[in-house]
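Enquirer: One predicted model, sequence on top.
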Amino acid sequence: MLFSLLAVGMMACGEKKLTQEDLKAAEATLFNEDQTINEAVAPEVAEKFCKFVKQNPNDPTAPTWLYHAMELNIAVKNADQSIELCNKLLEQYPESKWAPTSLLMIGNYIYDNQLNDTAQAHKCYQRLIDEYPDSELVDDARKSIEYLGLTPDEIMARIMMSQMEEVEGHWVE
């Protein structure tokens, strides 16, 4: 009986060490038959990804799993958790390939589209430009700043106008 109590106590205190296989199995449950995200399991899967990162902060895949957890929270419109995970990624893995992408994602999907906080969105885009000047996403961040606060129709009008000016510029030459 003493052995049983000790075994139960040890299981309660010790967390199961997650493996890459555990994460891939969890990831496989994410999508419905029509390839949409299963919102019922997404928070649980994101939590597993975060738990793996906590258990394995030096694993080379940790930034990727943290980014995927952030993506899932964006998909289910969990703004606070998305922002928290972005900040964690930027703090723990600033050199990760996911750092600039997470800034763009949080600026666009959370601050600009979900929370309508253009000031915070601008800060995300500007941070990407300032801290990751060699990122292929810098042009996207600049365009995002240019279009902040505009309606989809206003954005489309600007794009059409710039394309017309570009075409006219070629004809003049």
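Expert: Thanks, I have the structure now. Numbers count the residues shown, from 1 in each chain.

Enquirer: mean confidence score for stretch 132-140?
Expert: In this model, stretch 132-140 carries a mean pLDDT of 97.

Enquirer: for it, how far is the first residue from the last?
Expert: End-to-end distance for stretch 132-140: 12 Å, by CA to CA, to the nearest Å.

Enquirer: That one: which residues count as buried?
Expert: Tyr132, Ser135, Leu137, Val138, Asp140 (16 or more other CB atoms under 10 Å). Any C-beta I mention is one placed from the backbone N, CA and C, and that applies to glycine too.

Enquirer: what residue ranges in the protein are flagged as low confidence?
Expert: Of all residues in the chain, those with pLDDT under 70 make up the ranges 1-15, 169-173.

Enquirer: Apart from its chain neighbours, what residue comes closest to Trp65?
Expert: Phe49 (4.3 Å; CB to CB, 6 or more residues apart in numbering).

Enquirer: was I right about the one you found contacting Leu23?
Expert: Yes - judged on CB atoms under 8 Å, Phe49 makes contact with Leu23 at a distance of 6.3 Å.

Enquirer: out of those two, which sits in the busier spot?
Expert: Ranked by neighbour count (other CB atoms under 10 Å), Phe49 and Leu23 place Phe49 first, with 24 against 20.

Enquirer: Would you quantify the distance from the more buried one to Gln120?
Expert: Remark: distance between Phe49 and Gln120 (CB to CB, to the nearest Å) = 24 Å.

Enquirer: How many neighbouring residues does Cys86 have?
Expert: 25.

Enquirer: Compute the distance between it and Gln120, please.
Expert: 11 Å.

Enquirer: Can you tell me the number of residues neighbouring the closest residue to Thr29 other than its chain neighbours?
Expert: Counting by CB to CB, 6+ apart, Thr29 lies nearest to Val41, which is 5.3 Å off, once chain neighbours are set aside. For Val41, the neighbour count with other CB under 10 Å is 15.

Enquirer: got the phi/psi numbers for Val41?
Expert: Note on Val41: backbone dihedrals following degrees, to the nearest 10 are phi -100, psi -10.

Enquirer: Please report how far it lies from Tyr125.
Expert: From Val41 to Tyr125 the distance is 32 Å (CB to CB).

Enquirer: and what of Lys143?
Expert: 9 Å.

Enquirer: and if you look at Asn56?
Expert: Distance of Asn56 to Tyr125, computed by CB to CB: 31 Å.

Enquirer: out of the two, which sits in the more crowded spot?
Expert: Using other CB under 10 Å, the more surrounded residue of Asn56 and Tyr125 is Tyr125, with 27 against 16.
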